[in-house]
Each structure stands twice: as structure tokens, then as C-alpha cells.
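> Here is a sequence together with a model predicted from it:
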Amino acid sequence: MTRFSKFTALFLLAAVPFLDLPDYYMHVLILILIWGFVYTGWSIMGRFGLVSLGHGAFLGIGGYTVGMLWNFYGITPWLGIPIALILATIVALIVGYPCFQFRIIGHYFALVTLALAEVVRLVIIGMRDYTGGSLGMTPQRYGEGMSVYAFQFVEKDYFYVIVLLSWVFGIWVWNLVDGSMARYSMEAISDDEDASASVGINVTREKLKITILSAWLTAFGGVLYGQYQMYLNPDTIAGISVSLQIVFASIVGGMYVALGPTVGAVITILLSESLRILVGVELAGLDGTIYGIMLILFIIFLPRGILGSGWAKPLEILRFPKDKPG
Amino acid sequence: MLIVKKLSKHFKGFVAVDSVSFEVHEGELVGLIGPNGSGKSTVFNLISGNLSLTSGSIRFDGQELAGLPSHRVCHQGIARTFQIPRPFRKLDLLENVAVSAFFGSAVPIRREEAWKRAKEALGIVKLSGDSNVDVARLGASGLKKLELARALSTRPRLLLADESLGGLDETEMEQAGEMLEHIRSEMGITIIWVEHIMGILMKVVDRVIVLDHGEKISEGLPNEVADDPKVIEVYLGDKNEVGHKAADTTVESLQSSDYISRKQC
């Protein structure tokens, strides 16, 4: 992607609020950007074989920490967000450090993280006096619902700008990692931990760094989602189903390419929205079933996802070039 | 420079290395030989921190290495190669070496410096032709060179070269022997060379240490060791078992790599 086309694309995206689109289209766009951001955050570690099936945990930590601090103590999200990120870091360390130190890799790592997502969901449900349990909770509206202080923007145009900036930031971080020595070390580690350690790579530390980075982005994604929907529910923002949806979308879009996870978000959200409109609510589990079938087909036929595959040449323009020095 | 004292490693009941002691001096090129399963590679894994030792001590320039994780051992200035090459298959040739140069350096270095050191290391092992080549396309000899380049790129003071000649043909072995000699003499890197093909090793090294069943059975100059009856017995087995051939064995045939390598394979 040339610099020019990058800026043109950004300009077009930034111009969207001026088009006066109906609220529903803005809603879909915002959802795509939020989830595109979250999936990008996941794939920052997922692409190196650190397949986390528990990223819903970080979404939940982000959304609920900010929401609860606001509701109970009136603490502004501007303070709540750093606190949420610190909590996400602690959880990432608690889960990551033993896993990496004791060489829990591959399927076993995935299983540990799967448990993590459920633990967070059950904790949220268990603390029902504070979190509203499985009924969910609503961050208290501040005034008219338009406030920078409360990080609440009932006008979709405003929220769109915020999520667009967040998404651009996510893609920038992805590219930063992609062009860094950390990427080479992670590729080496995912291939052979012993050999990596022998050439001086501190395997545990490198893995923790990338995991914490991914946890931060995901937790922030949870904050965005909570503040946008103004409603938090343990099943939509923590737990296994949302965690698996993150993995599914990233694989479909292509987790080895910067824009792959975003393409995954476009596909999954358009799919679930069109199913909702066409089929209605009678077949509520239909989108999940279709996800499952698609996931199987993708893993067999397009394991590198849509953007990572050769046949998607027309989409090549969406790929950022890799500029390796030397 | 390196002082190994009463080094032991037990795997459950099996004693892989049994109270081995030896010393390596700065600038030496030492051969570590012994039949398959004699504990040579285990000794390397213990020094490099890939395995934790059961008892004993490993001191490198006065610093105790026992208990250090392998990346720290690397930062102390000890690099190793693996018996079976273990390239990072998702990275190309230059990236393989650059990641080693960057993370293996004892003090943090800039990325540009890492790429530079990687190119230098590839030059030393004569592998600088096409640095963007996919490592899957390197042959056995190329992979051995890559192992060596990765180790050298970390700027070690002590190089542990593990059976670097396995799977090579005669000319490639000669070249690899010369390369280690070159690395020692030109770059001033101390080398311990594990090998079971004795022929070439005997011509190049200053000193030989022989292991068998995890114990050190002999140590000395190459020709002394080759004449040691214990070594001859270990390498050629019991006379009755091997028959007439062993009875007629001389130092020359012992040194012919052909016989030994066939026995080891």
C-alpha cells in the first residue's frame, strides 16, 4: 500500500461522519472498527502461535473496570482506563508467566487461556450485587450523554471518530511489532524455544511483552465497546463465545496481515447483521453455526485467511509492504 | 577460562554424565569425543544451560554458570551450535542470524548493528551469497553453516560446536575443520568441538577429551589419546566381539574417519 493510497483511505474513512449516513450504518461501521481493533489486538500475539482462547477475559476486564469505577465511585474513564490496563497486565502476568516459564505451549496454552475467559465471566456473574450478574449493567448516563469527562458520546458521529482513531492506532501498533526485532524473536520462539534461548533470547520475557501488549489493546477494546453500547453483559463481553469469535474472525480475515483482522470484523459483522435481518430471531443460533462451518472450511482451505491467501490478489492493495532493513 | 568440576547429570535413574572434570584455556581448540551416548552433547547442554545439572560446578572466567538460563549463558559469551541444525524456519537466512546477533549480544545493540553483524557472520562461514534465501532450501552443509553463523553473530568468547560435521561429505568436512581452525586463530574464539568422526578433528585440535558412558576416560594431545588403550577399546569394542579386524587395528585405521563413522552410524 503506497503512502498516497493509505492517506486517501484514511481521508475517506475520516470523511464518513460528514456523509450524514443513517444511524444504523454508522452503528455497523462503529462495530466493525471496534471489533477490528480488538481482533487486531488478538492477532498481535495470535500470529506467533500464542493462540489465546480467552481474550474475552481482557474485554470484560476493560469494560467492567471502567463501568464499575464510574458507577460506584464516579471515577472518570480517563482514570478508569489506565486502571483497567493495569488490571489486564496483572491478569496477563498471572496467566502468562507460569505458562511461559514452564513451557506450556500450543494446545495446552490454548486450554489454559480458555479457562481464563470462563473464570472472568463467572466472577462477573458471581459478583452480581456489583456487576448485575448475568443481567448485565449500564454505566450511568452523565447529563445528556455527551461528555468527554464521562467518555460518553450518544452522537454516533463523535463515537465514530474515537473508534476510528483507536483502530488506526491498533493498526499502527500491529505494524510497529511487525517491523521490530520483537517479531523476529517471536517467530524464532514459535519455532524452537531451546534454540531461541541459546542465541540469547529471553523467551519468557519476549512472550510476556507481546501478551501484555495484546491484553492492553483488547482491554481497551472492551472499554470502547462498553462505552459505546452503554451496556455490559458477561456473555457478550467475557466468556468463551466472544473469545472464540475473536479467534474465528482473525483467522478468517488473516492474522498474518495488518488489515486481516479488520477484514475478519467486516465479514463477521456483516454476516451476523444480515442474518439478523433476513432470518430474524427465530433461528438465534444460526450465525454461530455458520461461523463454525466457515471456521472449519477456512482452516482446511485458507489457513492464512482471506488477506493472507494468494487468490485474494484484488485485495492485495490492502496489504502493507514489509520493509526489512539491511 | 572454563573450569568444569565434578559435573554430573542424572535422568531419573540413568547417569548421563558422571563426575566429569576438565579445563579449557583461553585460545584453545579442544576436541570432546566419545561414542554415541557417551554424554558429549549432554555436557554441552549443561554448559549452555539447555539442561540443568544434577551436581557439580561450571565456572566461566570465575563466574558460576550452574543454574543460569541459556539466554544468560549466551550473554556471558558462550555460544553453541546444535548437533541437528535447528534453524528458525519462519525466518530467512539473514533474519535467522540477525535475530541472534540482536538478542545474543551481551550489551544491547542497535538494529542496524545487528544486521551488520549478521552479514559479517554469514561472510565468515561463506554463506553470504543470497541472504534472503528460505532456510528450507539450504542443504545439510548450509544448515551447519547457519548454525555456526548464528553462534558467531552473538560475538562469543567460547564456542561450543556440537558435531558440526555430521551429514557432510569428505570435502565439506575438510572445509568445516579449516573453518573452526580459522575462527580460533583469526577471531581468537576459544572452541570446544564435539565430534565422533575423529579423523579431521585429530588433525586440527590442540587437546582431546574422551568420554565414555558419561565418564572421562582420557585426556591429552591427539596422538597420545589415539594411542591410549582405553580409547582404542572404547572406539573399537571388545576384541572378541569385533573379531580379526579389531585385532589388526592400528592408530592409522583408528584415525581413518571412514571406519569410525560407519561404526557410529
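Arrived safely, thanks for sending. Residues are numbered from 1 along each chain as shown, chains lettered A, B, ... in the order given.
> what's the nearest residue to residue B:31 if we skip its chain neighbours?
residue B:205 (3.9 Å; Cβ to Cβ, 6 or more residues apart in numbering or on different chains). No exception for glycine: its C-beta is placed from N, CA and C like everyone else's.
> What distance do you get for that neighbour to chain A?
23 Å (Cβ to the nearest Cβ, to the nearest Å).
> How many neighbouring residues does that residue have?
26 (other Cβ atoms under 10 Å in any protein chain shown).
> now residue B:3
15.
> Give the bridge partners for it, please.
residue B:23, residue B:59 (DSSP bridges).
> Would you state the predicted confidence (pLDDT) at it?
pLDDT for residue B:3: 95.
> Residue B:53 contacts residue B:8, doesn't it?
Yes: applying Cβ atoms under 8 Å as the test, residue B:53 and residue B:8 come out as touching, 6.9 Å apart.
> who's more crowded, those two?
residue B:53 (23 against 17).
> Just say helix, strand or coil for the more buried one.
The three-state label given to residue B:53 by DSSP: H, G, I helix; E, B strand; the rest coil is coil.
> Check residue B:71 too.
Look at residue B:71: counting by three-state DSSP, its state is helix.
> now swap in residue A:48 and tell me
Assignment for residue A:48 (three-state DSSP): coil.
> residue boundaries of the helices in chain B?
Counting by DSSP state H, chain B has helices at residues B:40-48, B:70-76, B:93-104, B:111-124, B:140-153, B:170-187, B:198-204, B:222-227, B:229-236, B:239-242, B:244-247, B:251-255, B:257-264.
> can you list those helices in TSV and add mean pLDDT and distance to residue A:17?
Output for the helices of chain B, formatted as TSV (pLDDT from 0 to 100; distance: least, Cβ to Cβ, whole Å):
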stretch	mean pLDDT	distance to residue A:17
helix B:40-48	93	59
helix B:70-76	96	50
helix B:93-104	96	42
helix B:111-124	94	39
helix B:140-153	92	51
helix B:170-187	87	63
helix B:198-204	82	73
helix B:222-227	88	80
helix B:229-236	81	81
helix B:239-242	40	87
helix B:244-247	37	89
helix B:251-255	45	82
helix B:257-264	41	74
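> and among these, the most buried is which?
helix B:93-104 (a mean of 28; mean count of other Cβ atoms under 10 Å in any protein chain shown).
> Can I get that helix in CSV? Just the C-alpha atoms.
C-alpha atoms of helix B:93-104 as CSV (Å, rounded to 0.1, in the frame of the first residue of the first chain):
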residue,chain,number,x,y,z
LEU,B,93,18.8,-16.8,6.3
LEU,B,94,19.8,-13.2,7.2
GLU,B,95,16.9,-12.8,9.7
ASN,B,96,18.0,-16.1,11.4
VAL,B,97,21.4,-14.6,12.1
ALA,B,98,20.3,-11.1,12.7
VAL,B,99,17.9,-12.1,15.5
SER,B,100,20.7,-14.0,17.1
ALA,B,101,23.1,-11.0,16.8
PHE,B,102,20.5,-8.6,18.3
PHE,B,103,19.4,-10.7,21.3
GLY,B,104,22.7,-12.6,21.8
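> is any part of that helix close to chain A?
Yes: using Cβ under 8 Å from any Cβ of the partner chain, helix B:93-104 comes into contact with chain A via B:94, B:95, B:96, B:98, B:99, B:100, B:102, B:103, B:104.
> which residues sit in contact with residue 193?
Picked chain A for this. By Cβ atoms under 8 Å, 6 or more residues apart in numbering or on different chains, the contact set of residue A:193 is A:103, A:105, A:203.
> Please refer instead to chain B.
Taking Cβ under 8 Å, 6+ apart, one finds B:29, B:30, B:31, B:32, B:161, B:164, B:180, B:201, B:204, B:205 in contact with residue B:193.
> From residue A:245, how far out is the nearest residue to the fifth one once chain neighbours are set aside?
Nearest in space to residue B:161, with sequence neighbours left out and distances taken as Cβ to Cβ, 6+ apart, is residue B:193 at 4.8 Å. Counting by Cβ to Cβ, to the nearest Å, the separation of residue B:193 from residue A:245 is 54 Å.
> tell me which parts of chain B are close to chain A?
B:48-50, B:69-71, B:74-75, B:79-80, B:82, B:86, B:88-91, B:94-96, B:98-100, B:102-105, B:111-112, B:114-116, B:118-119, B:150-151, B:153-154.
> center of chain A - which residue?
With distances taken as Cα atoms, centre = their mean, residue A:38 lies nearest the centre of chain A, 1.5 Å away.
> Residues in a beta bridge with residue B:92, which ones?
For residue B:92, the beta-bridge partners are residue B:134 (DSSP bridges).
> and what of residue B:194?
Residues in beta-bridge contact with residue B:194 (DSSP bridges): residue B:32, residue B:162.
> State the distance from it to residue A:189.
For residue B:194 relative to residue A:189 (Cβ to Cβ), the value is 26 Å.
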